[in-house]
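Engineer: 3D model of this:
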Amino acid sequence: MNRNREAQFNDWQRIAAELDRPQSSAEGPAAHCECGCGERAESGGFRMGHDQKLRIALEARVGGILCLRDVIHSVEAYASGQSDLEELGRVVRSTFWGNSGRSNREKEPRR
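Structural biologist: This is a model prediction of the structure:
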């Protein structure tokens, strides 16, 4: 793995770990950035541009923007009573584990 890809992969792993942490309440006007970088965010929950870092990490975690769309549609259908828990579980398992038997979190992020 070249140095740039390795750094990007390490960054995505750190962000994925941050996504697993429980959401914290704001620590006043200078809370930590919600992207997971650990820096202080003066307002809005993110440092400038870091909302995009989180968006990219979320997309990578589920396998891309289309997979993220599918998960969101399935959650909305379940929440509105248009599908059942079994269908939601099928979509989630398919998205995160697919046919490979490995979760997307165990795979190297795509470029």
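Engineer: three-state assignment of residue 86?
Structural biologist: For residue 86, the assignment made with DSSP: H, G, I helix; E, B strand; the rest coil gives helix.
Engineer: now the strands for this structure?
Structural biologist: 31-32, 40-41 (DSSP state E).
Engineer: any idea how far the nearest residue to residue 59 once chain neighbours are set aside is from residue 72?
Structural biologist: Once flanking residues are discounted, residue 59 sits nearest to residue 65: 5.2 Å by C-beta to C-beta, 6 or more residues apart in numbering. From N, CA and C alone the C-beta is placed, and that goes for glycine too. From residue 65 across to residue 72, the span is 10 Å (C-beta to C-beta, to the nearest Å).
Engineer: and if you look at residue 44?
Structural biologist: Where residue 72 is concerned, residue 44 sits at a distance of 22 Å (C-beta to C-beta).
Engineer: now swap in residue 43 and tell me
Structural biologist: From residue 43 to residue 72 the distance is 27 Å (C-beta to C-beta).
Engineer: the two - which one has more neighbours?
Structural biologist: Neighbours per residue (other C-beta atoms under 10 Å) separate residue 43 from residue 72, with residue 72 holding more: 11 against 8.
Engineer: out of the strands of the chain, flag the one nearest residue 95.
Structural biologist: strand 31-32 (28.2 Å; C-beta to C-beta).
Engineer: okay, residue 104: pLDDT?
Structural biologist: We have a pLDDT of 51 for residue 104.
Engineer: hmm, residue 68 and residue 58 touching each other?
Structural biologist: Yes: here residue 58 reaches residue 68: they are 6.5 Å apart, a contact under C-beta atoms under 8 Å.
Engineer: what about residue 37, neighbour count?
Structural biologist: Neighbour number of residue 37 under other C-beta under 10 Å is 18.
Engineer: that one touches residue 48, doesn't it?
Structural biologist: No: the pair residue 37 / residue 48 is not scored as a contact, 11.6 Å apart, by C-beta under 8 Å.
Engineer: mind listing the helices for the protein?
Structural biologist: 3-20, 50-62, 65-79, 85-97 (DSSP state H).
Engineer: no further questions, thank you.
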